[in-house]
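>>> structure for this input, please:
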Amino acid sequence: MRFLFIRAEKAKYPCTVLCRVLEVSRSGYYEFEKRVPSKRASADQELTIQIQEVHQKSRQTYGSTRVHRELRKGRRNRFGRKRVAMLMGFAGIVGRCRRRFYRATNSSHGLPVAANLLDRQFEISRQR
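Numbers count the residues shown, from 1 in each chain. This is a model prediction of the structure:
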């Protein structure tokens with residue numbers, strides 16, 4: 001995380017100063033710069049691109065379960081739903097929830113009101 005911050009800020013500040021402030025060695029930072037991504041990291045990047053495609057095709061409604069199901073159709077490579085959920089979280093991909101049905105009462109109708117057959121009194125006559 002510190003090395004990524006140094007990479008982002010080295011255009012504004014010298015690398016030596018950033019390494020000293022963040023308490024990391026310069027040689028460690030330069031070794032980080034030369035390092036190639038691992039197989040898992042590159043596979044995660046490819047999978048994230050595929051997740052974004054499936055999510056866009058679904059009009060951004062699919063969550064991790066349905067995205068995982070779509071990705072698994074006709075493929076031999078194996079990955080779990082939790083991995084898809086984790087990658088969606090890192091990429092900021094969220095499925096849209098369906099809005100709940102809400103019926104507002106229409107009190108301004110011209111229909112007759114039911115008669116008070118039980119003669120119930122809803123007004124309080126005294127306080128307790």
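>>> make sure residue 63 is actually in contact with residue 98.
No. In this structure residue 63 lies outside contact range of residue 98 using CB atoms under 8 Å: 11.2 Å. Every residue, glycine included, has its C-beta placed from N, CA and C.
>>> those two: who's more crowded?
Ranked by neighbour count (other CB atoms under 10 Å), residue 63 and residue 98 place residue 63 first, with 18 against 7.
>>> and residue 95, how many residues sit next to it?
Burial of residue 95 is recorded as 16 neighbouring residues (other CB under 10 Å).
>>> pLDDT score assigned to it?
Looking at residue 95, its pLDDT is 90.
>>> and it, which of the three is it?
coil (DSSP: H, G, I helix; E, B strand; the rest coil).
>>> find the nearest non-adjacent residue to it, please.
Nearest residue to residue 95 in three dimensions, chain neighbours excluded: residue 63, at 3.5 Å (CB to CB, 6 or more residues apart in numbering).
>>> from residue 42, how far off is residue 79?
Distance, residue 79 to residue 42, using CB to CB, to the nearest Å: 14 Å.
>>> please apply the same query to residue 90.
Residue 90 is 15 Å from residue 42, by CB to CB.
>>> and for residue 96?
Taking CB to CB, one finds residue 96 at 30 Å from residue 42.
>>> and residue 61, by the same measure?
29 Å.
>>> residue 110: neighbour count?
Neighbours around residue 110, by other CB under 10 Å: 4.
>>> for this structure, which segments count as strands?
Secondary structure of the chain by DSSP state E: no strands are present.
>>> what segments of it are helices?
2-9, 15-22, 26-34, 39-57, 64-72, 81-91 (DSSP state H).
>>> out of those, nearest to residue 117?
Closest of the helices of the chain to residue 117 is helix 64-72, at 51.3 Å (criterion: CB to CB).
>>> go through that closest one and flag the buried ones.
For helix 64-72, the neighbour count (16 or more other CB atoms under 10 Å) marks 64, 66, 67, 68, 70, 71 as buried.
>>> mind putting those residues into a markdown table with pLDDT and distance to residue 105?
Rendered in a markdown table, the data for those read as follows (pLDDT from 0 to 100; distance: CB to CB, whole Å):
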| residue | pLDDT | distance to residue 105 |
| --- | --- | --- |
| 64 | 93 | 37 |
| 66 | 93 | 35 |
| 67 | 93 | 39 |
| 68 | 93 | 41 |
| 70 | 91 | 41 |
| 71 | 91 | 45 |
